[in-house]
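Visitor: From the sequence below, what's the structure:
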Amino acid sequence: MASRLNPYLSFRDNARQAMEFYQQVFGGNLTLSTFGEFGNPDPSVADKVMHSQLETDSGYTLMASDTPPEMEYHPGTNIAISLSGDDGDELRGYWQRLSEGGTVSMKLEKQVWGDEFGMCVDRFGIAWLVNISQPQA
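Guide: I've put the predicted structure just below:
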């Protein structure tokens, strides 16, 4: 898979409803994963969306999640740019350059879902998510 760049939206407790709405608008296949599915037993977030992805028939990709209560959420600034793919060298290079002079909010490292993932805000205030897919066994 080539690297992809697409918008990533953040919501507070209504990511599922928003993504189902976008699926009605654009069509396509919607996948949703909850915090509970990834081992968070806290009932206040277990059913909230940790990650969702809408792949449309027109080739658009839209990703979104609910913002956990312990993280700040500011409507109007709730969008990031996601870089994803399986070319680790390419994506780590992007990560290095994007995070240089910026702020790393989550180190680029292996996560519970098996991929390498990190979050940063570049020196110009743009939020970036980088996900390096791992080979499927």
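Visitor: Alpha carbons only: can I get stretch 28-35 in PDB?
Guide: C-alpha atoms of stretch 28-35 as PDB (Å, rounded to 0.1, in the frame of the first residue of the first chain):
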ATOM      1  CA  GLY A  28     -19.000   3.600   1.100                       C
ATOM      2  CA  ASN A  29     -17.800   1.200   3.800                       C
ATOM      3  CA  LEU A  30     -17.500   2.400   7.400                       C
ATOM      4  CA  THR A  31     -15.500   0.600  10.100                       C
ATOM      5  CA  LEU A  32     -15.700   1.500  13.700                       C
ATOM      6  CA  SER A  33     -13.600   0.400  16.700                       C
ATOM      7  CA  THR A  34     -14.300   1.300  20.300                       C
ATOM      8  CA  PHE A  35     -12.000   2.000  23.200                       C
END
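Visitor: Tell me the buried residues in it?
Guide: For stretch 28-35, the neighbour count (16 or more other C-beta atoms under 10 Å) marks 28, 30, 32, 34-35 as buried. All C-beta atoms are positioned from the backbone trio N, CA, C, and that covers glycine.
Visitor: Sort out for me which of those residues are in helices.
Guide: Using DSSP state H to define helices, no part of the buried residues of stretch 28-35 is located there.
Visitor: So which residues of the chain form strands?
Guide: 4-11, 29-34, 49-55, 61-66, 79-85, 103-110, 116-121, 127-132 (DSSP state E).
Visitor: can I get the ones you listed in a markdown table with distance to residue 95 and mean pLDDT?
Guide: Shown next, in a markdown table, are these (distance: least, C-beta to C-beta, whole Å; pLDDT from 0 to 100):
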| stretch | distance to residue 95 | mean pLDDT |
| --- | --- | --- |
| strand 4-11 | 13 | 89 |
| strand 29-34 | 23 | 97 |
| strand 49-55 | 19 | 96 |
| strand 61-66 | 17 | 93 |
| strand 79-85 | 8 | 90 |
| strand 103-110 | 5 | 96 |
| strand 116-121 | 6 | 95 |
| strand 127-132 | 5 | 93 |
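Visitor: Cool, thanks, talk later.
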